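1. Next input, structure requested:
(one chain, ligands or ions: 1)
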Amino acid sequence: MNNDLYAVVGHPISHSKSPRIHSLFASETGEALEYTAIQAPLDDFAGTVQQFFERGGKGLNVTVPFKEQAWRLANQRTDRAEKAGAANTLFQDDQGLLVADNTDGCGLVRDLTVNQGIRMKDARVLVLGAGGAVRGVLGPLLAEAPASLTIANRTVAKADGLVKLFADEAGGCQLAACGFEQAKGPFDLIINGTSASLQGDLPPLPATVIRDGTAVYDMMYSLQTTTFNQWALDRGANRVMDGLGMLVEQAAESFRIWRGVTPNTSAVMDELRND
Ligand code: ATR
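-> As a prediction, the model looks like this:
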């Protein structure tokens, strides 16, 4: 019998670690599957998805720049995908309808709380950025019931928009928006969800955002210390983390959705750090 087929779709895609992560999950759990990478043409994501499922494909991960398109293309969305406005996981239901989910936020929270042992409840949290990456993780972050969650962004109107969108999920958490310079702090946890470092920039934050004990999480993953984490270390942060754990945990949640089996992630993280 042929193995079930899965893939990640993006453009570009050659750098993606998803095939490696899912192959490691498959060997560890004994699940019979193949996982490949597909580069979709920028103007034909929908056609690529359709062909994949017509060929008998079982599930897709979706990455830059197609997550919003995947969300629009789906016939159904899980609640968390609905709110995220983007999808990173696609599969078909029994009737062949396309279902979209988003496992990014759950992956981030799992890495923070389970792997890193960070207590989110009652924490003062600063989230940097208000683009798709941040929108995708806000629901699961708010579900952890932090005392406050401040969204700081270069374009404050976009942070304001997210505060309005997630107001009904804030519960007792003080949800607020501001520009980088206005984020005074100190904060217990700072999460960088901007792509500023790709342009060689750093968000112009006051040094007061960091206190002794502030934990800093860059959603980007890099073999070296990320630019943002280096900035934080230079200002006294004593704990910095990058997005490798989030990457592996969001993949594990997709794997669980598709296969009904939860892989062990710690061995996979060790493997990737050693690659
Ligand atoms: P993503 O899917 O990675 O979130 P995005 O939706 O384009 O991509 O959002 C990028 C985020 O990084 C935004 O918050 C953006 O700020 P603006 O909303 O003001 O555009 C932020 N960003 C990108 N380049 C930046 C820079 N050079 N300095 C500060 N913030 C930057």
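2. what residues does the stretch 151-275 of the chain put near the ligand?
-> Within the stretch 151-275 of the chain, the positions lying close to the ligand (Cβ under 6 Å from any ligand atom) are 153, 154, 155, 158, 194, 195, 196, 199, 201, 203. To be clear about C-beta, it is placed using only N, CA and C from the backbone, and glycine gets the same treatment.
3. Filter the residues you listed down to the buried ones, PyMOL style.
-> The PyMOL selection below is limited to those of these classed as buried (16 or more other Cβ atoms under 10 Å):
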select buried, resi 153+154+158+194+196+203
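4. Residue 135: which of the residues of the stretch 151-275 of the chain next to the ligand is nearest?
-> Set against residue 135, the nearest of these by Cβ to Cβ is residue 158 (9.4 Å).
5. would you turn the residues of the stretch 151-275 of the chain next to the ligand into CSV with pLDDT and distance to residue 58?
-> Listed next are these as CSV, based on pLDDT from 0 to 100; distance: Cβ to Cβ, whole Å:
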residue, pLDDT, distance to residue 58
153, 98, 37
154, 98, 40
155, 98, 39
158, 98, 36
194, 97, 34
195, 93, 31
196, 93, 37
199, 87, 38
201, 91, 40
203, 94, 40
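6. Which single one of the residues of the stretch 151-275 of the chain next to the ligand is nearest to residue 113?
-> Nearest to residue 113 among those: residue 194, at 22.5 Å, using Cβ to Cβ.
7. part of a helix, is the closest one?
-> No. Counting by DSSP: H, G, I helix; E, B strand; the rest coil, residue 194 falls outside a helix, being coil.
8. Just the residues of the stretch 151-275 of the chain next to the ligand: which are in helices?
-> residue 158 (DSSP state H).
9. Are we agreed that residue 146 is in a helix?
-> No. Under three-state DSSP, residue 146 falls outside any helix and is assigned coil.
10. got the contact list for it?
-> Counting by Cβ atoms under 8 Å, 6 or more residues apart in numbering, residue 146 makes contact with 120, 121, 122, 123, 124, 125, 173, 189.
11. and the helix or strand hosting residue 212, average pLDDT?
-> When elements are assigned from DSSP states H and E, residue 212 belongs to strand 210-218. Mean pLDDT, strand 210-218: 96.
12. buried stuff in that strand?
-> 210, 214, 215, 216, 217, 218.
13. Equivalent analysis for stretch 48-57, please.
-> Buried residues in stretch 48-57 (16+ other Cβ under 10 Å): 48, 49, 52, 53, 57.
14. was I right about the first one contacting residue 41?
-> Yes. Between residue 48 and residue 41 a contact is recorded at 7.2 Å, counting by Cβ atoms under 8 Å.
15. from the contacts of residue 146, which would you call buried?
-> Using 16+ other Cβ under 10 Å as the burial test, the contacts of residue 146 include 120, 123, 124, 125, 173, 189 as buried.
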